[in-house]
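Novice: Predicted model follows, preceded by the sequence.
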Amino acid sequence: MNMIKASLQTKQGELNLDISFEIPSRGVTALFGRSGSGKTTILRFLAGLGKKYSGDLSVNGEVWEDSKKRIFLPAHRRAVGYVFQEAHLFAHLNVSDNILYGYRRIPQAEKLAGEVDLQETIDLLGIRKLLTRIPAQLSGGEKQRVAIARCLLSHPKILLLDEPLSSLDVTSKLEILPYLERIRKESKIPIIYVSHSIEEILRLADSMVQIDNGKIISSGLAQELIPSLKYFTDLNGKVLPPVVSISADSPLISNETIEALVSILKKRGFKVAKIMEEITALHTAPFLASKAESSGVISGGKMVMVEDLSASSQEEIIEKYFAKFDLVLTNGCQLHTAANIAVAGQRPEEMADFIQKNFLINS
Amino acid sequence: MMSLDLSPIWLTLCLALTTTVLLMLIGTPIAWWLTKTTSPLRVPINAIVALPLVLPPTVLGFYLLLLMGPAGPIGRMTDFLGMERLSFTFFGLVVGSVIYSLPFVVHPIQNAFEAMGPGPMEAAATLRAGPIDRFFSVAVPLAKSGFFTAAVLGFAHTIGEFGVVLMIGGNIPGRTRVISVAIYDHVEALEYQQAHLLAGGMLLFSFIVLLIMYSRRRPMRLGI
């Protein structure tokens, strides 16, 4: 019975969430889907946070929630570790007291079993030097590392990570990913990782559940599922080109590298659109080069601003202006469901291979 | 030189202290409930708590006097229990002051709880802290500046009240004659020197209280 079994039916605004799934009790399972697809609601249901939902949940045979039998185990009795999008550190406590908050509340018997090692966890997340600081003195990445340590030290039975990197800049993301990989390696408990970043899932997930519009649309081993993912589909199910975000604003990837990557992909016969500025507003997909239509590649040269106030979503912009491309490359813009590729020190050829293998497989 | 009766000062301080302690005990759960609840009762309760902000104190005092009097329900209850009636007593003043200063205590605490957001409490819940545990280990310390403001405002506002006190307490030396009533009394009797001493003292006290309030460093940024 080493398994998490969950089923959940709830209505949230316009979203009708109706899902049931089983998750193995070890390894990382990614919940993948665009914003507003219901991923966070599922995590909150698993953690027992917020309202009582209609559904049931059992973990390793132990019933945590059963709305028909009116069973509801409150969050503090579930022993879930929850890493939120924001670190939510306790501002009145220093780092040391923050990470000990949950640890101090573990029942003595569990503590004596010796499965939680304070010193080891401090080193695992590299926060030894931060212990006497207060949260206001930490960077975004440091805060999140402290939050993860605090969570692990509460000796959870499941670890829930709700887009733990989404509020961080690229540099902090790169700083934290290796720690998450180590946790994945060393952890003996199931980890559920919510994300809309393909790259994070590629690096961390063993299995994945893809959710869209409140329904599960696929589930299985991550390596098998990722190549078939449809990154962008419009409401009619039409497949749009994947948007891959390369972090040119990070000091690790130079503009030359990106230029080289674009020309390699072009030589391989792909039509690549490159958006060189951040899409800040939903209505603005800027900078489509005048030459783009013939060459398929936009790089430098004369740029034309596309401003379309009638468009209601980024997907619509992509469909309207970029549908004829195989791939849209951006520099660090956070398009939802876009894959973020930001790997230190990769050569353009390797990046091109990576993109082709993972995003252009059906082309 | 005319002698100054100090008993109103001690009485006022005693009243303000008792009221503040009671208000913190009563106001905190009300503030917490108002922050957390989704009940439709939230709106009327909010309005009731805020009533003393807009009502003339005499109105409040008048109704309290009726309630505590021999024909009022509270009066009947105290009669039935063989207790002294609350009107024209110190405890009557305490009851009146608690009601009159309620919004000055509830609002700062409520604001501080709201500024905290649900995040820290949810984090604490997933870290195995039960509701009461996390209330005292997370919510209260994070709302510390709200509690401080509430206590100072509750105390100062009680010291400065006049209408409610006069209506339900009257002007009994040593029992219900607080500073503001004593000043009124002295002025009526054309004893300006005593009035000056008390009024000047109140002015200085109020100024110092506000100085302390504003000189505290800005509250910690919450929601980290």
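Specialist: Nice, thanks for sending it over.
Novice: what's across from residue A:3 in the sheet?
Specialist: residue A:24 (DSSP bridges).
Novice: mind listing what residue A:156 touches?
Specialist: By C-beta atoms under 8 Å, 6 or more residues apart in numbering or on different chains, the residues touching residue A:156 are A:79-81, A:189, B:126. (C-beta placed from N, C-alpha, C; glycine too.)
Novice: So which of those residues is the closest to residue B:170?
Specialist: Of all the contacts of residue A:156, residue B:126 has the smallest distance to residue B:170: 55.8 Å, by C-beta to C-beta.
Novice: and the gap between residue A:121 and chain B?
Specialist: Applying C-beta to the nearest C-beta, to the nearest Å, the value for residue A:121 to chain B is 14 Å.
Novice: Report the contact partners of that residue.
Specialist: Per C-beta under 8 Å, 6+ apart, neighbours of residue A:121: A:99, A:149, A:152-153.
Novice: got the phi/psi numbers for it?
Specialist: phi -70, psi -40 (degrees, to the nearest 10).
Novice: Looking at the contacts of residue A:121, which one is closest to chain B?
Specialist: residue A:153 (8.8 Å; C-beta to the nearest C-beta).
Novice: Report pLDDT for the residue nearest to that closest one when sequence neighbours are not counted.
Specialist: Nearest non-adjacent residue to residue A:153, counting by C-beta to C-beta, 6 or more residues apart in numbering or on different chains: residue A:103, 4.2 Å away. If you check residue A:103, the pLDDT there is 93.
Novice: pretty sure residue A:103 is in contact with residue A:119, am I right?
Specialist: No: look at residue A:103 against residue A:119 with C-beta atoms under 8 Å: they stay out of range, at 11.8 Å.
Novice: Can you tell me the closest non-neighbouring residue to residue A:179?
Specialist: Excluding its sequence neighbours, the residue lying closest to residue A:179 (C-beta to C-beta, 6+ apart) is residue A:125, at 5.6 Å.
Novice: Please flag which of the contacts of residue A:121 sit within helices.
Specialist: Mapping these onto helices (DSSP state H) picks out A:99, A:149, A:152.
Novice: The residues you listed: which ones sit near chain B?
Specialist: When these are checked against chain B using C-beta under 8 Å from any C-beta of the partner chain, none falls in range.
Novice: ok, back up a step: CSV for the contacts of residue A:121, including neighbour count?
Specialist: Listed next are those as CSV, based on neighbours: other C-beta atoms under 10 Å in any protein chain shown:
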residue, neighbour count
A:99, 28
A:149, 25
A:152, 25
A:153, 24
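Novice: got any ranges where the stretch 251-363 of chain A has weak pLDDT?
Specialist: Counting by pLDDT under 70, the ranges of the stretch 251-363 of chain A that qualify are A:251-255, A:274-323, A:330-346, A:358-363.
Novice: just the stretch 51-200 of chain A next, same as before
Specialist: A:170, A:197-199.
Novice: circling back to that earlier point, using ChimeraX, make a named selection holding only the buried ones among the contacts of residue A:156.
Specialist: To isolate the buried subset of the contacts of residue A:156 in ChimeraX, counting by 16 or more other C-beta atoms under 10 Å in any protein chain shown, use the following:
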select /A:79,80,81,189 /B:126
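Novice: Looking at chain B, which residue is nearest chain A?
Specialist: Distances between chain B and chain A by C-beta to the nearest C-beta are smallest at residue B:127, namely 3.4 Å.
Novice: residues in contact with that residue?
Specialist: Neighbour list for residue B:127: A:76, A:101-102, A:105, A:150-151, A:154 [criterion: C-beta under 8 Å, 6+ apart].
Novice: Report how many residues lie close to residue 180.
Specialist: If you meant another chain, say so; for now it's chain A. By other C-beta atoms under 10 Å in any protein chain shown, 23 other residues sit near residue A:180.
Novice: look at chain B instead
Specialist: Neighbour tally, residue B:180, other C-beta under 10 Å: 20.
Novice: Tell me which residues touch it, please.
Specialist: Neighbours of residue B:180 in contact, by C-beta under 8 Å, 6+ apart: B:12, B:160-162, B:165, B:202.
Novice: Looking at chain B, which helix is longest?
Specialist: helix B:7-36.
Novice: So for it, what gets flagged as buried?
Specialist: Residues of helix B:7-36 classed as buried: B:8-9, B:11-12, B:15-16, B:18-20, B:22-23, B:27-28, B:30-35 (neighbour count, 16+ other C-beta under 10 Å).
Novice: Cheers, nothing more for now.
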